[in-house]
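Participant: What follows is a protein structure lacking sequence information:
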C-alpha cells in the first residue's frame with residue numbers, strides 16, 4: 001500500500017531551509033560569490049591592506065564575460081508551439097490554430113517580461129556566480145485588459161537564494177522540493193499576512209509578531225536597513241495529486257498554508273556555466289581565473305612601485321657647498337668655489353622589457369583560453385575577410401555548449 005503524502009510542517013520547512021544554507025556554506029558558496037562579484041565589477045583589492053602602495057586594476061573579466069553573453073544570447077528570441085502530427089486533417093487544422101494562439105501568447109509574455117534582457121542577466125549570473133536562475137509565477141493583481149486580472153511574471157533570482165531538496169542533482173524537475181529565500185519589507189509581509197488571515201490561509205496568530213531579522217548570509221547591503229524579514233517560498237511535488245504545491249513561511253510560522261498551484265512542473269529554470277559533479281551549483285568562469293587576475297594586478301603593482309621609487313632621475317649634491325638644492329626651472333644655484341663635482345644626476349633604473357611582455361602574454365593567453373582572442377573580439381586587422389570570419393566562428397565554438405544549454409532552458413521555460 002502506497003504511503004499517503006504528508007504536507008510538511010513549519011518546523012520541517014525551516015529545518016530544511018537551515019540545512020540548505022549549511023550545504024551552501026560548507027562548499028564556500030557565499031564567500032566565493034562575494035569574491036567573484038567584486039572581481040567582476042572591478043573591486044579587486046577588497047580587504048587588502050595597501051598601506052599607500054598603488055593598487056592598479058586591469059579587469060579582464062568584464063569585457064570577456066560581456067562578450068560571451070552577448071555572443072550567446074539573441075535579440076530574436078522566439079518560442080513557438082508546433083502541433084504533433086495528426087491522422088485527421090480536420091484535427092490537424094484545429095491543432096495548428098490552437099498552436100498559433102499559444103505562440104502569440106508566448107510572444108506577448110516574452111515581450112511584457114523583457115525575457116531577452118533577463119536572459120542576458122540570467123547568463124551573466126551564471127558566468128560570475130556559477131548558476132543562473134529564472135523564476136516564473138502568476139500575479140493575479142496585474143491588469144491585462146480582460147475581465148479576469150492576472151499575468152505570468154518572470155524574475156531573476158540569485159543562486160544564493162535557491163536551495164534544492166537534493167543538492168547532488170542539478171535537474172530541477174527531479175527535486176523533492178525547492179526553496180526560494182527572499183528578503184522583504186516587514187510592513188509588506190504583515191499586510192499580506194492580514195490578507196491571508198482573513199481568507200483563512202495564515203497560521204500566524206499575531207501578525208505583529210513578524211519582526212525584522214538579519215540576512216542569513218550577511219549581505220552587506222542588506223545591513224543598511226533594519227526593517228526586512230526572511231520569507232521562504234517552499235515548492236514541493238505532491239505525490240497524491242502529481243502537481244506542484246507551495247507554502248510561504250517566515251521564522252514565526254506559516255504565512256500562507258499549502259495550496260495547489262496546479263503546475264505540473266517546478267516554475268523555474270536553472271543553468272550552470274560549467275558543471276560540477278554531484279552538485280547542483282556550477283563553476284563560474286571567474287572562479288578558475290582569479291589567480292590569473294591577481295597575478296596580473298600584482299605585476300602591475302610591482303611595476304608601479306618600481307617606477308615611483310627608482311625610475312625617475314635623482315640629483316645628488318654637495319651639502320658643504322650648497323645648503324639647499326632648488327630644482328625649479330631657470331633658477332640659479334649659488335656655489336662657493338669651483339662648480340666641478342658639485343652635483344650629479346643619477347639616472348633612473350630601467351625596467352626589463354620582459355616584464356611587460358610577460359604581462360601581455362598573461363592577458364593574451366587567458367583571453368584565448370576563454371575564447372575571446374583578438375580575432376573573436378575584433379581587435380585584429382581584417383587583411384583577409386574570409387579568414388577572419390572562419391577564425392571568429394572557430395573561436396565561438398567553445399561557447400556553443402553554453403548556448404545550447406541556454407536554448408534548452410528557454411525551451412523548458414516555454415513548457416512551464
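Facilitator: Perfect, I can see it now. Nothing here was measured: the structure is a model prediction, and the numbers come from that model.
Participant: Residue 319: which element?
Facilitator: Using DSSP states H and E, residue 319 falls within no helix or strand.
Participant: How many residues are close by it?
Facilitator: 9 (other C-beta atoms under 10 Å). (Each C-beta comes from the backbone N, C-alpha and C, glycine too.)
Participant: Kindly report the same for the one 5 residues further on.
Facilitator: Burial measure for residue 324: 7 neighbouring residues, criterion other C-beta under 10 Å.
Participant: how much space between it and residue 333?
Facilitator: 9 Å (C-beta to C-beta, to the nearest Å).
Participant: Kindly report the same for residue 201.
Facilitator: In terms of C-beta to C-beta, residue 201 sits 89 Å off from residue 333.
Participant: go on, residue 291?
Facilitator: Taken as C-beta to C-beta, the span from residue 291 to residue 333 is 52 Å.
Participant: Who has more neighbours out of the two?
Facilitator: residue 333 (15 against 9).
Participant: what about the more buried one, which SS state?
Facilitator: When classified by DSSP: H, G, I helix; E, B strand; the rest coil, residue 333 comes out as coil.
Participant: residues contacting it?
Facilitator: 322, 325, 326, 343 (C-beta atoms under 8 Å, 6 or more residues apart in numbering).
Participant: 10 Å - rerun?
Facilitator: 317, 321, 322, 324, 325, 326, 327, 339, 342, 343 (C-beta atoms under 10 Å, 6 or more residues apart in numbering).
Participant: what sits against the residue most central in space within the chain?
Facilitator: In the chain, the centroid-proximal residue (C-alpha atoms, centre = their mean) is residue 125; its distance is 2.1 Å. Applying C-beta under 10 Å, 6+ apart, we find residue 125 in contact with 33, 37, 69, 131-134, 156-159, 271, 273, 284.
Participant: can I get those residues in a markdown table with secondary structure and distance to residue 412?
Facilitator: A markdown table is the format used below for those (DSSP: H, G, I helix; E, B strand; the rest coil; distance: C-beta to C-beta, whole Å):
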| residue | secondary structure | distance to residue 412 |
| --- | --- | --- |
| 33 | helix | 24 |
| 37 | helix | 26 |
| 69 | helix | 19 |
| 131 | strand | 15 |
| 132 | strand | 13 |
| 133 | strand | 12 |
| 134 | strand | 10 |
| 156 | strand | 16 |
| 157 | coil | 16 |
| 158 | coil | 20 |
| 159 | helix | 17 |
| 271 | strand | 10 |
| 273 | coil | 17 |
| 284 | coil | 22 |
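Participant: tell me the least confident of the residues you listed?
Facilitator: Scanning the contacts of residue 125 for pLDDT, the low point is residue 69. It has 87.
Participant: so who does that one touch?
Facilitator: Contacts of residue 69 by C-beta under 10 Å, 6+ apart are 119-128, 399, 402, 406.
Participant: quick one on the thing from earlier: show the pLDDT at the residue nearest to the centre of the chain.
Facilitator: 93.
Participant: any idea which element it lies in?
Facilitator: Counting by DSSP H and E, residue 125 is found in helix 115-129.
Participant: buried stuff in that helix?
Facilitator: 115, 118, 119, 120, 122, 123, 124, 125, 126, 127, 128, 129 (16 or more other C-beta atoms under 10 Å).
Participant: Turn these into TSV, columns for distance to residue 186.
Facilitator: Below are the buried residues of helix 115-129 laid out as TSV (distance: C-beta to C-beta, whole Å):
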residue	distance to residue 186
115	32
118	28
119	33
120	33
122	30
123	34
124	31
125	27
126	32
127	34
128	30
129	28
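Participant: quick one: furthest residue from the center of the protein?
Facilitator: residue 337 (72.2 Å).
Participant: about what we covered before: against residue 273, how distant is the residue nearest to the centre of the chain?
Facilitator: With C-beta to C-beta as the criterion, residue 125 and residue 273 are 9 Å apart.
Participant: Mutual contacts of the two, please.
Facilitator: What both residue 125 and residue 273 touch, as defined by C-beta under 10 Å, 6+ apart, is the set 131, 132, 284.
Participant: Pipe those into TSV and attach neighbour count and distance to residue 140 per row.
Facilitator: What follows is the shared contacts of residue 125 and residue 273, written out as TSV (neighbours: other C-beta atoms under 10 Å; distance: C-beta to C-beta, whole Å):
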residue	neighbour count	distance to residue 140
131	25	29
132	28	27
284	27	36
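Participant: neighbours around residue 272, how many?
Facilitator: Quick note: residue 272 (other C-beta under 10 Å) scores 20 neighbours.
Participant: doesn't residue 172 make contact with it?
Facilitator: No: assessed by C-beta atoms under 10 Å, residue 272 is found out of contact with residue 172, at 11.5 Å.
Participant: list residues touching both of these two?
Facilitator: In contact with both residue 272 and residue 172: residue 280, using C-beta under 10 Å, 6+ apart.
Participant: Whatever helix or strand residue 269 lives in pairs with which strands, parallel or anti?
Facilitator: Using DSSP H and E, residue 269 sits within strand 268-272. Using DSSP bridges, strand 268-272 pairs in its sheet with strand 131-139 (antiparallel).
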